[in-house]
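Q: Following is a predicted model, sequence given first.
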Amino acid sequence: MFLAKIACHFLDTWVEYIQFQVKIVSWVRAMKTKTQQRLVKFLVEELAVPGNSIKLALRYSQENPTVLPMVLWKYGLINLRQLEKIWDWAENV
């Protein structure tokens, strides 16, 4: 009986832990999405980066959205001055 109570308590604690982890992952994804949306808006409105260029860079940076500016620069879709403006923008977000 005692072991059954311990096992139930352990399972309850484990379930709470998993639920907490799911909430964290959802929150992080939402933050990435919001920040990425703001970055795309900045690229289009402030730097006049064409939508096709952004789509291409997004495809190459799916694994790690934080590298989007570097992908744009690497493929010559933005220049070094624009890249610097993106970093300045990112510091203030």
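A: Cool, got the structure.
Q: Going by C-alpha atoms from here, please, whenever you check contacts or count neighbours.
A: Noted.
Q: Report the contact partners of residue 67.
A: By CA atoms under 8 Å, 6 or more residues apart in numbering, the residues touching residue 67 are residue 61.
Q: List the buried residues in stretch 79-93.
A: By 16 or more other CA atoms under 10 Å, the buried positions in stretch 79-93 come out as 82, 83, 86.
Q: My error: substitute stretch 62-71 in the last question.
A: 65, 68, 69, 70, 71.
Q: do the same with stretch 38-57
A: 39, 40, 42, 43, 49, 54, 57.
Q: Quick check: the farthest pair among those residues?
A: 42 and 57 (14.7 Å; CA to CA).
Q: which sections of this structure are below the confidence cut-off?
A: Along the chain, segments meeting pLDDT under 70 span 1-5, 7-10, 14, 17, 20-32, 65.
Q: just the helices in it please.
A: 2-45, 51-60, 68-74, 80-92 (DSSP state H).
Q: The last one packs against which elements?
A: With contacts defined as 3 or more CA pairs under 8 Å, 6 or more residues apart in numbering; DSSP states H and E, the packing partners of helix 80-92 are helix 68-74.
Q: List of residues touching the helix it packs on?
A: 53, 54, 57, 58, 60, 61, 78, 79, 80, 83, 86.
Q: if you set the cut-off to 10 Å instead, what comes out?
A: 36, 39-40, 43, 49, 53-62, 65, 67, 76-84, 86-87 (CA atoms under 10 Å, 6 or more residues apart in numbering).
Q: Distance from that helix to the middle of the chain?
A: How far helix 68-74 lies from its chain's middle: 15 Å, per CA atoms, centre = their mean, to the nearest Å.
Q: thinking again about what came up before, how about the buried residues of stretch 62-71 in JSON lines, adding distance to residue 93?
A: Listed next are the buried residues of stretch 62-71 as JSON lines, based on distance: CA to CA, whole Å:
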{"residue": "65", "distance to residue 93": "15"}
{"residue": "68", "distance to residue 93": "16"}
{"residue": "69", "distance to residue 93": "15"}
{"residue": "70", "distance to residue 93": "18"}
{"residue": "71", "distance to residue 93": "20"}
